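S.K.: Dropping a prediction and its sequence here:
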Amino acid sequence: MTPNAFVYLFAENSPAAMIQTKILAAYESLAESYNALIDHKPHNAYYDRPNTLSLLPEVNGKQILDAGCGPGKYAEILLAQGAQITGLDMSPKMIALAKERNKSQGQFMVHDLSTPLTMFPDGAFDIVLSPLVLDYLPDWTLTIQEFYRVLQPKGLLVISVQHPFGEYLFNKSEKYFEVEHVYCTWRGFGHPVEVHCYRRSLGDILSPLTSNGFYIDTLLEPRPTAEFESLDPRHFKELNAFPAFMCIRAIKRA
């Protein structure tokens with residue numbers, strides 16, 4: 001799959017296709033520094049990751065789809081616990097880093113989640129994990145339908161996303177109920193990178209799940225772990241006052 005293979009779902013040169021091109025370019029640009037920092041960068045290592053992982057059951061022997069695997073840190077943790085991991089990411093550089101990080105373990109391939117998962121049969125996985133990924137998709141419908149299809153009956157979908165209320169305030173939005181293209185400049189990875197994504201309401205986070213065969217089992221508004229405080233006391237205080245992310249565990253209905 002070529003880096004721009006996603007465009008067949010979007011009209012060429014459409015706003016959605018152009019935004020996806022910018023998202024891919026951003027992650028290709030920051031891939032190396034992201035990988036170098038991912039083990040201990042506070043928002044990832046001591047906020048998103050421990051809270052998202054807390055929603056997983058015992059994973060030994062489980063088939064897990066790491067949908068948006070980045071440089072393979074989640075895969076590294078879960079492989080060490082005996083899981084069988086298949087990782088997908090739209091960034092070729094991220095996939096190369098995931099393979100390098102995990103050596104001969106796991107399977108990793110370039111794939112954009114706005115396109116069907118045609119390489120997998122129905123019921124291929126026990127768990128689909130998609131941390132901080134779905135915010136980059138303008139429409140979740142096809143993606144959630146595909147997650148449903150590739151999960152076994154009563155399989156788990158575990159996601160983390162930007163918190164809808166925090167994003168509404170951060171972006172100074174005036175249209176809460178609209179799915180809104182937003183962007184900001186990340187400065188924590190060695191050089192400034194403009195990162196584009198989509199802000200959506202709480203309803204537009206939950207309804208694609210409940211309308212496509214899942215029920216919500218757990219909704220977690222995370223707190224940072226103690227390790228976060230020594231590395232970034234300002235954000236530690238802020239995140240204990242108001243969440244930046246939201247973690248969800250959903251179960252495939254029979």
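M.R.: That came through, no problem.
S.K.: Helices along the stretch 101-250 of the chain, start to end?
M.R.: Assigned by DSSP state H, counting those that start in this stretch, the stretch 101-250 of the chain shows helices spanning 141-150, 164-170, 202-210, 226-231, 233-241.
S.K.: now, of these, which is deepest in the fold?
M.R.: By mean neighbour count, with neighbours taken as mean count of other C-beta atoms under 10 Å, helix 141-150 ranks first of those at a mean of 20. No exception for glycine: its C-beta is placed from N, CA and C like everyone else's.
S.K.: That one relative to helix 202-210, how many degrees between them?
M.R.: Calculated by axes from the mean of the first three to the mean of the last three C-alpha atoms, to 10 degrees, helix 141-150 forms an angle of 30 degrees with helix 202-210.
S.K.: in stretch 152-163, what's buried?
M.R.: Along stretch 152-163, the positions that meet the burial threshold by neighbour count (16 or more other C-beta atoms under 10 Å) are Gly155, Leu156, Leu157, Val158, Ile159, Ser160, Val161, Gln162, His163.
S.K.: wait, I meant stretch 18-30
M.R.: Judged by neighbour count using 16+ other C-beta under 10 Å, the buried positions of stretch 18-30 are Ile19, Gln20, Thr21, Ile23, Leu24, Ala25, Ala26, Tyr27, Ser29, Leu30.
S.K.: Including distance to Lys41 and pLDDT, could these go into a markdown table?
M.R.: Formatted as a markdown table, the entries for the buried residues of stretch 18-30 read as follows, by distance: C-beta to C-beta, whole Å; pLDDT from 0 to 100:
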| residue | distance to Lys41 | pLDDT |
| --- | --- | --- |
| Ile19 | 25 | 94 |
| Gln20 | 25 | 93 |
| Thr21 | 26 | 94 |
| Ile23 | 19 | 95 |
| Leu24 | 21 | 95 |
| Ala25 | 21 | 95 |
| Ala26 | 16 | 95 |
| Tyr27 | 15 | 95 |
| Ser29 | 16 | 95 |
| Leu30 | 12 | 95 |
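S.K.: which one among those gets closest to Gly203?
M.R.: Relative to Gly203, the closest of those is Ile19; by C-beta to C-beta it sits at 22.0 Å.
S.K.: That closest one contacts Val182, doesn't it?
M.R.: No - shown here, Ile19 and Val182 do not form a contact pair, counting by C-beta atoms under 8 Å, at 10.2 Å.
S.K.: Please identify every residue contacting each of the two.
M.R.: Applying C-beta atoms under 8 Å, 6 or more residues apart in numbering, one finds that Ile19 and Val182 are jointly contacted by His196.
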